[in-house]
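Enquirer: 3D model of this:
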Amino acid sequence: MSDYPLFTNPDFDANDYANAILAGEPYPQVHQTQSGIKPRTGAALESAKEDISVAISKLDLSIEDVSKQIKALVTTHHEDLLQRAASVNNLSGSLTSVRRGLDDVDASLEKLRQKIRVPYQSLETNVIRLQRIRQASDALRRTSRFVVLSRRLETQMSELAAFDKLSTAEKNIQHNIADSLSTDQQDDKERTIAKAALTISELAALLDGPEETLDTPGQNSSDINDKTATAMDSLVPLRSVKAVAAHIPVIEEAQFKVTHEMESMIITGLSTLNQSLLASSLQTAYNLRALPILVQRLSRDLCDAVEERIRTAFDLSRISKEFVSKESAPSSQGLLYKSRVRTEPTNITAPQWTAALWARLETLIEDMAACCIKVYTLEKVLKLKKDPASQRSFLDDVLQVLENKPSSTFWTSLGRSLEKYARDAAKGSTFLQQTLSSGYPKLLRLFHEFFAKIAVHTDTVYTASQQSPETIIVLRALSTFEALYLSRSTTRLNEAVSQAFAGGSRSPPGANEGVAIARAVMNELDSARFDPLLILAVARNIGTTLDGATMRAESLIYSDRSAVTLLGPMATPQQIVNGQVATCLYHCWTKLEKVGEEHTESAAALVRPGVKKLRNTYDYIVDPLLTAIRRELASIVSRLHRVDLQKTPDPMAGMAGSSLYMKDLTDKLNYVKTQIFVNFAIEVTQSWMLSIVKYIIRIFVLHASIAKPLGESGKLQLTTDMTELEFALNAFLGPSSKRGLEAAGEEYRMLRAMRPLLFLDTPSLASPTHVANLPPLVVLHHILVRSPLPLPHTMHGWQEAEYVRWVDEHKEEEALSLVEAGLVGKGKEGAEYIELAKRVLRHARGE
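Expert: Residues are numbered from 1 along each chain as shown. From the prediction side, this is the model:
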């Protein structure tokens, strides 16, 4: 067959082929060639161009050739063909037996159909009929219930109409009584409205299809249960019943009236804050299934009312219109000149505008408080009222629909509205910006009044120790004016500091400037002390300002040698400048230290670091100077050891005068007092003088106790020097010290006790009664001076001044241990003095 591909092609058409031969056209056609049939180039294609007879003869030859090929194929495979024919015969018998089996199955199915399908169809028809009967029964039951409820509603509406007539009649009789119904009658009316609302709600449920009517069967795989469930879900709507439809207009009218009464009760309850009336109205709304929507609408109305009040309060165009109307009222209409509406006051009208603005803000605070109290009263009643069946509060039911509680919604809306209109007003009006920023404490006091008014009805707290989140939200809305006020406050503080340091080193700040800075700080704190948050913000700015003042002061301070030199005879310019700056800092920080006593601890904690820096800067000036003074005076006293204290006394010489070092000490004390301390505050120099007096006495007694060798003339000279020292110290303290040297206390008694110590016999040195008021170390020194034993500084190779400085810087026990160490291993040399020293040591240690 491979020689005849044209005729074996599935698309070969004999008619088309014959037509092609008759028409003398090639076959196949061009489109067939393009579709994928590849024509042969042999005799079959070219035969179309030859005569028809030739084509027919070729076809006959081809048919004979094909027949011969078929015959040869059959002859070759005849055995296989016979076997296949036998197999087909056997398969025919098997199919016959299968046919008989299928006929038996069809007969059995027909019998089963007669036994099952017919009863099933009958049962299905009966079930559908039963379901329809049940639907009709349910429709009749609901219709009956509807009729009963309709009659009940008519009765309730009649009672409500009776209350309305009674109220109208009593109003006509008693014009001056606001509440025309008695309390009992009002309660009966509220209960009637609540019952009518419940009846209307049940009627609406019956009309619109109740949520629970008949028991719906569970799902089942059988067709009967599915069809039954489908039929039961399709309840008969009562609105399609003519007897019921006739009552619908009456019910709608009753619903409108009950809703109107409910809204009137809610408005009255919120206006008078009557929780009982409010509870009755909310119960009515709950019975009408309209409680969440009602609460949402009330919250939105109250928030919108507050927003409108805020917008009106900050609207300067309204103030302008009011003033224009007042000014134009007495004028003649014909001669009136109408100028454009001003949004900013003039210098003349500014006080009137300011008063009008504050009056509007006071009214705003009252309106805000009233709305806030209404919101919290509404929420309180919602929290108290509960569903009798489920014991769930009305508030829980409302929150299932609403996102937040009414109070949260109110505070959020209040803060957002207040911030928006306050910011816009500040941007659009310079007058309002200046008025409210300069008068921010007054504005803040208005909000304090707002918090105080609502505190009785709400759980908001605004005290120094605790601030509710709601109050923070409101006050943050005023951040624009607070920032401007704090900026002005900082400017005032910086101006005070700048004025204090305006003179620089040529005219350094003094006591007056320090007091001025402290007064400015205290004024700002006093202005903000009524608000716990404002005072913290002001305190932070004060800390920054004090840091700036410290830096300005540090730039004026001299820390070179000229600031601590005591050469004289006059104080150096650097010392004068440092004294003035120190005086300024002293008066500033001493007055600011009282912040903790007059203000809260939190505010004082913010101011203390700045005050501490002022104190440290003051100490940076004073401490090196006082150290230099002590070092200079100690150096002068140490010259005591240059005096010859063992020379033989001359009985004809009389009483000797004071030593040269004592005269120098007197002159130096006078120089310190008259040239150095005069540059500082008197209050602080008195304490410095007293501390210097104590230090000089201590140093002098220590030096006098180690003066060796010491003869009788030396003792007399020391006594004279002590007398001169007392005069010099008395003069140094001056008349301001009423007690004189007695103010030195223990040191002065030690100086007075030093005189008799010099003339005591040696055994009496260990007697506590004879050496009272003297330190044990001084007594030990004097024992060693009389003995041949070396003094501690001699043993260690120290100078007298070095040893005295070491004793002054260390504890007494360390000094006693140093003396005791020098007594060890001395043998029999000075045994008497060693025993005396040990007795003094035992007495000093309480052994």
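
Enquirer: low-scoring stretches of the stretch 701-847 of the chain, by residue?
Expert: Scanning the stretch 701-847 of the chain for pLDDT under 70 picks out the ranges 736-738, 825-829, 847.

Enquirer: let me redo that: the chain
Expert: When the per-residue scores of the chain are filtered using pLDDT under 70, the ranges that remain are 1-3, 29-51, 167-182, 209-234, 323-343, 647-656, 736-738, 825-829, 847.

Enquirer: for it, what's the longest helix?
Expert: Looking across the chain with DSSP state H, the single longest helix is helix 78-173.

Enquirer: just checking, what packs against that one?
Expert: helix 183-208, helix 223-233, helix 242-245, helix 248-272 (3 or more C-beta pairs under 8 Å, 6 or more residues apart in numbering; DSSP states H and E). From N, CA and C alone the C-beta is placed, and that goes for glycine too.

Enquirer: among these, which is the most enclosed?
Expert: Across these, averaging neighbours per residue (mean count of other C-beta atoms under 10 Å) puts helix 183-208 on top, at a mean of 19.

Enquirer: thinking again about what came up before, TSV for the helices and strands packed on helix 78-173, including distance to Ser137?
Expert: TSV is the format used below for the helices and strands packed on helix 78-173 (distance: least, C-beta to C-beta, whole Å):
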stretch	distance to Ser137
helix 183-208	15
helix 223-233	12
helix 242-245	16
helix 248-272	23
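
Enquirer: Tell me how far stretch 632-650 lies from the chain's centre.
Expert: 72 Å (C-alpha atoms, centre = their mean, to the nearest Å).

Enquirer: Stretch 451-467 too?
Expert: If you compare the mean C-alpha spot of stretch 451-467 with that of the full chain, they lie 18 Å apart, counting by C-alpha atoms, centre = their mean.

Enquirer: Same question for stretch 274-288.
Expert: The mean C-alpha position of stretch 274-288 is separated from the chain mean by 38 Å, C-alpha atoms, centre = their mean.

Enquirer: With stretch 350-370 instead?
Expert: Using C-alpha atoms, centre = their mean, we find the averaged C-alpha position of stretch 350-370 to lie 30 Å away from the chain's own average C-alpha position.

Enquirer: Put the alpha carbons of it into CSV.
Expert: Only the C-alpha atoms of stretch 350-370 are listed here, as CSV (Å, rounded to 0.1, in the frame of the first residue of the first chain):
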residue,chain,number,x,y,z
ALA,A,350,-6.7,95.0,72.5
PRO,A,351,-7.9,95.0,76.2
GLN,A,352,-11.5,94.5,75.1
TRP,A,353,-10.6,91.7,72.8
THR,A,354,-8.5,90.1,75.5
ALA,A,355,-11.4,90.2,77.9
ALA,A,356,-13.8,88.8,75.4
LEU,A,357,-11.3,86.0,74.5
TRP,A,358,-10.9,84.9,78.1
ALA,A,359,-14.7,85.1,78.6
ARG,A,360,-15.1,82.8,75.7
LEU,A,361,-12.6,80.4,77.1
GLU,A,362,-14.3,80.4,80.5
THR,A,363,-17.6,79.5,78.8
LEU,A,364,-15.8,76.8,76.8
ILE,A,365,-14.5,75.2,80.0
GLU,A,366,-18.0,75.2,81.4
ASP,A,367,-19.4,73.6,78.3
MET,A,368,-16.6,71.0,78.1
ALA,A,369,-17.2,70.1,81.8
ALA,A,370,-21.0,69.7,81.2
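
Enquirer: mind listing what's buried in it?
Expert: Neighbour-count burial for stretch 350-370, counted by 16 or more other C-beta atoms under 10 Å, picks out 353-354, 356-358, 360-361, 364-365, 367-370.

Enquirer: Between these, which sits nearest Gly415?
Expert: Closest to Gly415 out of the buried residues of stretch 350-370 is Met368 (11.4 Å), distances taken as C-beta to C-beta.

Enquirer: Next step: the buried residues of stretch 350-370 restricted to helices.
Expert: Counted as lying in helices by DSSP H, out of these, are 353-354, 356-358, 360-361, 364-365, 367-370.

Enquirer: Distance to Thr565 added to these, as TSV?
Expert: Shown next, in TSV, are those (distance: C-beta to C-beta, whole Å):
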residue	distance to Thr565
Trp353	64
Thr354	60
Ala356	67
Leu357	63
Trp358	62
Arg360	68
Leu361	64
Leu364	68
Ile365	66
Asp367	73
Met368	69
Ala369	70
Ala370	75
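
Enquirer: Out of those residues, which is nearest to Lys673?
Expert: Looking at these and their distance to Lys673, the nearest is Thr354, at 57.5 Å (C-beta to C-beta).

Enquirer: separation between the closest one and Val577?
Expert: Noted for Thr354: a distance of 47 Å to Val577, by C-beta to C-beta, to the nearest Å.

Enquirer: what does Pro119 give?
Expert: With distances defined as C-beta to C-beta, the gap from Pro119 to Val577 amounts to 125 Å.

Enquirer: And the two? Which one has more around it.
Expert: Set Pro119 next to Val577 and count neighbours by other C-beta atoms under 10 Å: Val577 wins out with 21 against 10.

Enquirer: Leaving out chain neighbours, which residue sits closest to the more buried one?
Expert: Counting by C-beta to C-beta, 6 or more residues apart in numbering, Val577 lies nearest to Pro508, which is 4.9 Å off, once chain neighbours are set aside.

Enquirer: tell me which element the one you found falls in.
Expert: No secondary structure element spans Pro508, as it lies outside all helices and strands (assigned by DSSP states H and E).

Enquirer: could you list every residue that touches it?
Expert: Leu556, Val577, Gln580, Val581, Cys584 (C-beta atoms under 8 Å, 6 or more residues apart in numbering).

Enquirer: do that again at 7 Å, thanks
Expert: For Pro508, the residues meeting the contact criterion (C-beta atoms under 7 Å, 6 or more residues apart in numbering) are Leu556, Val577, Gln580, Val581.

Enquirer: Can you get me a residue count around the last one?
Expert: The burial metric for Val581, expressed as a neighbour count using other C-beta under 10 Å, is 28.

Enquirer: And Asn578, by the same measure?
Expert: Applying the criterion other C-beta under 10 Å, we find 27 residues in the vicinity of Asn578.

Enquirer: contacting residues for it?
Expert: Residues near Asn578 by C-beta under 7 Å, 6+ apart: Ile557, Tyr558, Ala563, Ile621.

Enquirer: now the residues you listed in TSV, with neighbour count?
Expert: TSV is the format used below for those (neighbours: other C-beta atoms under 10 Å):
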residue	neighbour count
Ile557	19
Tyr558	18
Ala563	20
Ile621	25
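
Enquirer: hang on, the earlier thing: tell me the one among the contacts of Pro508 nearest to Phe727.
Expert: Out of the contacts of Pro508, the one with the shortest distance to Phe727 is Gln580. That distance is 31.8 Å, counting by C-beta to C-beta.
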